[in-house]
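K.L.:
the following block contains a protein sequence and its predicted model.
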Amino acid sequence: MQDIVVIEDAAAAAASLDPLRARLLRELASPSSAAGLAAKVGLPRQKVNYHLRSLEEHGLVALVEERRKGNVMERVLQATAASYVISPAALSVVQPDPAHVRDRFSAYWLLALASRMVREVGRLLAGAVAAKQQLSTYAVDGEITFASAASRAAFAAELGAEVARLAAKYHEPSAPGGRRHRLVVALHPALREDRPPAGAEPHQPPPAKEVQP
């Protein structure tokens with residue numbers, strides 16, 4: 001089982017988004033059978049089997065083993081990944097194109113770049129797994145608290161200049177056997193931890209106590 005699988009097929013994406021099938025995928029982090037899953041989700045085995053067949057057809061679960069249980073051959077399945085990410089390629093007609101919004105201060109361009117990264121890294125990872133090879137990547141993740149918008153702008157300017165300097169130093173497009181790499185540097189505000197998730201009811205303060213005169 002892989003850590004993460006990127007879903008590109010629209011039908012597979014639809015199957016993974018079904019609430020019941022998503023729960024089955026979560027339960028199948030460990031191998032189980034339709035009978036075992038039916039007991040966990042509280043549904044008839046036949047209905048669970050129906051959903052499992054769809055997940056298997058789309059490559060989201062795979063057969064681990066078959067074992068005889070009385071007069072029945074029981075199929076044991078497991079999810080193909082611990083987590084799934086849906087690629088923008090699943091919505092190929094409307095997936096964002098970074099070439100259409102080239103503004104380094106635009107949140108839309110940042111999302112387009114992130115979408116392209118999911119699509120490209122997903123395909124590269126699938127190829128590396130199929131070839132039983134390691135995919136070489138590198139990432140940095142951290143947080144910075146800026147005292148002001150001016151300090152944030154100054155940081156962005158210095159970071160851009162330093163990245164450009166390093167890129168110019170190591171970029172050798174005519175090197176024999178050289179491998180082209182994609183470089184993306186992003187900076188965005190961190191989400192506030194006290195903000196309720198989308199769709200959640202906002203926190204309501206307790207009603208004020210009535211003061212007796």
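P.N.:
Received the coordinates, thanks.
K.L.:
can we go C-alpha only for contacts and neighbour counts from here?
P.N.:
OK.
K.L.:
show me the contacts for the residue nearest the centre of the chain.
P.N.:
Nearest residue to the geometric centre of the chain (C-alpha atoms, centre = their mean): residue 85, 3.2 Å. Contacts of residue 85 were listed using C-alpha atoms under 8 Å, 6 or more residues apart in numbering, and they are 4-7.
K.L.:
which one of those is nearest to residue 175?
P.N.:
Nearest to residue 175 among the contacts of residue 85: residue 6, at 31.9 Å, using C-alpha to C-alpha.
K.L.:
need the three-state assignment for that closest one.
P.N.:
Under DSSP: H, G, I helix; E, B strand; the rest coil, residue 6 falls in the strand class.
K.L.:
is it correct that it is in contact with residue 82?
P.N.:
No. Between residue 6 and residue 82 there is no contact, the gap being 11.3 Å when judged by C-alpha atoms under 8 Å.
K.L.:
related to what we said a few turns ago, beta partners for the residue nearest to the centre of the chain?
P.N.:
With DSSP bridges as the criterion, residue 85 is bridged to residue 6.
K.L.:
and residue 6 and residue 82? Which one has more around it.
P.N.:
In this view residue 6 and residue 82 are compared by other C-alpha atoms under 10 Å, and residue 6 has more residues nearby, 23 against 16.
K.L.:
ok, that one - contacts?
P.N.:
84-87, 118-119, 122-123.
K.L.:
most surrounded residue in those?
P.N.:
For the contacts of residue 6, the largest number of neighbours (other C-alpha under 10 Å) sits with residue 87, at 25 neighbours.
K.L.:
how close does that one get to residue 153?
P.N.:
Taking C-alpha to C-alpha, to the nearest Å as the measure, residue 87 falls 32 Å from residue 153.
K.L.:
what do you get for residue 88?
P.N.:
Counting by C-alpha to C-alpha, the gap from residue 88 to residue 153 is 30 Å.
K.L.:
between the two, which is the more surrounded one?
P.N.:
residue 88 (23 against 12).
K.L.:
how close does residue 10 get to residue 21?
P.N.:
15 Å.
K.L.:
strands of the protein, start to end?
P.N.:
2-7, 32-33, 61-69, 72-79, 81-86 (DSSP state E).
K.L.:
rebuild those as JSON lines, extending it with distance to residue 98.
P.N.:
Shown next, in JSON lines, are those (distance: least, C-alpha to C-alpha, whole Å):
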{"stretch": "strand 2-7", "distance to residue 98": "20"}
{"stretch": "strand 32-33", "distance to residue 98": "42"}
{"stretch": "strand 61-69", "distance to residue 98": "33"}
{"stretch": "strand 72-79", "distance to residue 98": "33"}
{"stretch": "strand 81-86", "distance to residue 98": "18"}
